[in-house]
Every structure is written in C-alpha cells, then in structure tokens.
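Chemist: below is the sequence, then the predicted model.
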Amino acid sequence: MPSLSNRPPPGASLTREQRAQFLEEGVVRLPGLIPRRSVDAMAERLWADLAARYGALRDRRETWPDRAFQFRELRRAGAFAPLLSEGLAAVLDGFFGGRGWAPPPHPGLPLVTFPNTAEWSLPHQSWHLDIAPGVVLEPWPDHVRVFAFLAPAEPGGGGTLYVAGSHRASLLMMAQAPSRSWIRSAAVLGALKARSPWMAGLCAPGEPAERLRRFMAGGGALGEVRLRVGEMTGAPGDVILMHPGVVHAGAPNARATPRLMLAETIDAKA
C-alpha cells in the first residue's frame, strides 16, 4: 500500500467534472464501465432464475409479476461477480485514493421492477439514507453506493430516485447531532424535513403534477445547499456512484420493460 504522502487524492480516477458533480450532487453516472458481454451474461442468469422460480419470461409480458424478489442463491453462486469489472475496479482504486477497497464476497444485489403502473408519479414514501447507525460521513466518503444497469433505463422506468445535493445537507445535520447514537437514517431525514419545507413536502402526499413541477422540474434548498429530485437512468453497462448520505427512494415503473439493475456498497480498506 502506498504511504500516506504518496497516495493519490480521493477521486483521482474521475475527471474534474465528474469529481465536482459527485461533491456537489452526490451522484455521478459513468458510462460503459461494464463490458456489454458481461452485462448480457448477468442479465441472462437473472432471467433464467426469474423463469425457473417465478415463471417470468423475458418475451411474455403476461408472465411478469408485480412483486419483490429475492436472489440470495443466485448471488452466492457468483452470478453477478462481473459487476466488479476492470473498468469499475480502476474507478474504485482511484475513488478511494490509494487506500484500497474490499470486494464484497457476493457482489451485486439485483433490483428488479416490472411495469406496475400506467401513469408515473413521484412517490412521497420510502425516502431514506444508506447510513450505518452512528457513522459520521465525510464529503468524500470511505464507502460508496454502486448501481449498475443490466438493461436500458428510461425516465419513468423504475430507476431509483435521489435528492441531488442532499448528502451535503445530511452532513450538516450530522455535524449538529447531539451524539453519534442519534445518527440514523430516520433521525437525519427527520432533521432535514424539520429544517427544509421543501424536503418535508417531498415526503408528504400531494397533487401529482404539482409534485413533478416542484420537486423535479424545480428545486428547493436547505440553507445554501440546493436540492432537486433526480432519477437514475442509463444504458446497459453504465454505473452510478452515489454518496451514502444522499436521500433516495424506489420508484414505480410506467414503462413497457422491466428495470434491471444491480446495487452494491463498496468500503475502503483503511
């Protein structure tokens, strides 16, 4: 391992623009990090499992169920190990600034959302942060959330929703926390809602068209931090890195095709 003085700065594998976007918004998309042949192989394994256990066939929409799925055995079999491609590994090497990172034993949690609504609307429930209790985050964190596309994801197609900039607001709330034990997803989100009427409105019911205008087309703020709802979209092989302090939620799928993604958390070694 390189000495502290010789370590590259965190984020060295990203361009200046990508690094700035990650620091500002907490989310950055990196195109084509996973080779298409690896993506297709992982998607085939996923569809074969869906067919065997649930009767869901790729080319027969009438067989597609509207439910959540578990893929524990498929993960343990290494079906999604190609997620950690040479391209993504190189990005992670630079992301952690020479500290190294620990490959998870069974990488890749499938996120599958079949079409489940005729008209897309912005949800008000299930907003949360991916933080461990008591962990105080840094602007450049020592772990990162990774999302990879196994199929095209267009707007309204079930891609994870996120509040761009919310990690910066979350860091402010953590800095003011009465104790480390206070730092939990629900407590941080509650503090954000108490300080920002915009965030409180996002987590409350409302007229669908107005919610789209206010939270996605427009934006809000907490102090000097600008906030806006974004949607994870991309092409097969694209990867999104997300700061663990970003507020995010699942989304409905109003498209004609399923959302097929993988998610993982990657931790620095030291």
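Modeler: Arrived safely, thanks for sending. Numbers count the residues shown, from 1 in each chain.
Chemist: going by C-alpha atoms from here, please, whenever you check contacts or count neighbours.
Modeler: OK.
Chemist: low-confidence ranges in the stretch 151-270 of the chain?
Modeler: The stretch 151-270 of the chain contains residues with pLDDT under 70 at 270.
Chemist: I'd like to know how far Pro103 sits from Thr257.
Modeler: Separation of Pro103 from Thr257 (C-alpha to C-alpha, to the nearest Å): 31 Å.
Chemist: all strands for the stretch 101-250 of the chain, in order.
Modeler: 101-102, 109-113, 143-149, 161-164, 220-222, 225-231, 239-242, 248-249 (DSSP state E, counting those that start in this stretch).
Chemist: hmm, Gly234 and Gly32 touching each other?
Modeler: No. Counting by C-alpha atoms under 8 Å, Gly32 does not reach Gly234; the two are 9.6 Å apart.
Chemist: and those two? Which one has more around it.
Modeler: Neighbour totals were compared for Gly32 and Gly234, and Gly234 leads with 22 against 17 (other C-alpha atoms under 10 Å).
Chemist: beta partners of the more buried one?
Modeler: Ala153 (DSSP bridges).
Chemist: list the contacts of the closest residue to Pro123 other than its chain neighbours.
Modeler: Nearest residue to Pro123 in three dimensions, chain neighbours excluded: Ala251, at 6.8 Å (C-alpha to C-alpha, 6 or more residues apart in numbering). Counting by C-alpha atoms under 8 Å, 6 or more residues apart in numbering, Ala251 makes contact with Leu122, Pro123, Gly158, Gly159, Thr160, Leu161.
Chemist: which SS class is Ala251?
Modeler: Under the three-state scheme (DSSP: H, G, I helix; E, B strand; the rest coil), Ala251 adopts coil.
Chemist: also Ala263?
Modeler: strand.
Chemist: any idea how far Pro139 is from it?
Modeler: 21 Å.
Chemist: more neighbours, the two?
Modeler: Between Ala263 and Pro139, counting by other C-alpha under 10 Å, Ala263 is the more crowded of the two (19 against 14).
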